[in-house]
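*Asks:* The sequence isn't on hand, but the structure is:
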C-alpha cells in the first residue's frame, strides 16, 4: 500500500506518472486501497506486480502467494490491468 501511495504522491507532485512494484498475492491486494485512491483522484500510477509460475497459474491451489483472480481484483481498482506473459505483451 505504501509503495502505491508513494507512487501516487510522486506522480501528483511531478505532474506525471508514479510507478510502484509489489509482490504477487497479498502485496497486490494491499496495494488495492491505494490504487482506488489514485483512480478516484485521477492520478496516474503504473503498478507492476509479480505472479506465480505460469504452470501453476489458474489452478486454484493457492501456490505460494496465489490470489484467486488477481487480475480481476486489479481490474476493479484500475483503469487498465493486464497479464504480461512475455516481452511482446509488455
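*Replies:* Perfect, thanks for sending it. These figures come from a predicted structure and were not determined experimentally.
*Asks:* name the helices or strands packed onto whichever strand or helix holds residue 11?
*Replies:* Residue 11 is part of helix 2-14 when elements are defined by DSSP states H and E. Here helix 2-14 touches strand 17-22, helix 26-41, strand 44-49, going by 3 or more CB pairs under 8 Å, 6 or more residues apart in numbering; DSSP states H and E. Placement of C-beta: from N, CA and C, glycine included.
*Asks:* Tabulate these (TSV), appending mean pLDDT and distance to residue 75.
*Replies:* As requested, the helices and strands packed on helix 2-14 are arranged in TSV below (pLDDT from 0 to 100; distance: least, CB to CB, whole Å):
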stretch	mean pLDDT	distance to residue 75
strand 17-22	96	16
helix 26-41	93	11
strand 44-49	95	12
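*Asks:* Indicate which one of the ones you listed is closest to residue 73.
*Replies:* With CB to CB, the closest approach to residue 73 among these belongs to helix 26-41: 6.4 Å.
*Asks:* on that earlier part again, which residues sit against the helix holding residue 11?
*Replies:* By CB atoms under 8 Å, 6 or more residues apart in numbering, the list of residues contacting helix 2-14 from outside reads 17-22, 31, 34-35, 37-38, 41, 43-47.
*Asks:* Just the buried positions in it, please.
*Replies:* Judged by neighbour count (16 or more other CB atoms under 10 Å), helix 2-14 contains these buried residues: 3, 4, 5, 7, 8, 10, 11, 12.
*Asks:* got it, and stretch 21-39?
*Replies:* Of the residues in stretch 21-39, those scored as buried under the neighbour-count criterion (16+ other CB under 10 Å) are 22-25, 27-29, 31-32, 34-35, 37-39.
*Asks:* Residue 31: what's it in contact with?
*Replies:* 1, 3, 4, 20, 22, 47, 49.
*Asks:* where's the closest residue in space to it that isn't next to it in sequence relative to residue 86, distance?
*Replies:* Using CB to CB, 6 or more residues apart in numbering and skipping the chain neighbours, the partner closest in space to residue 31 is residue 4 (4.5 Å). With the distance defined as CB to CB, to the nearest Å, residue 4 ends up 25 Å from residue 86.
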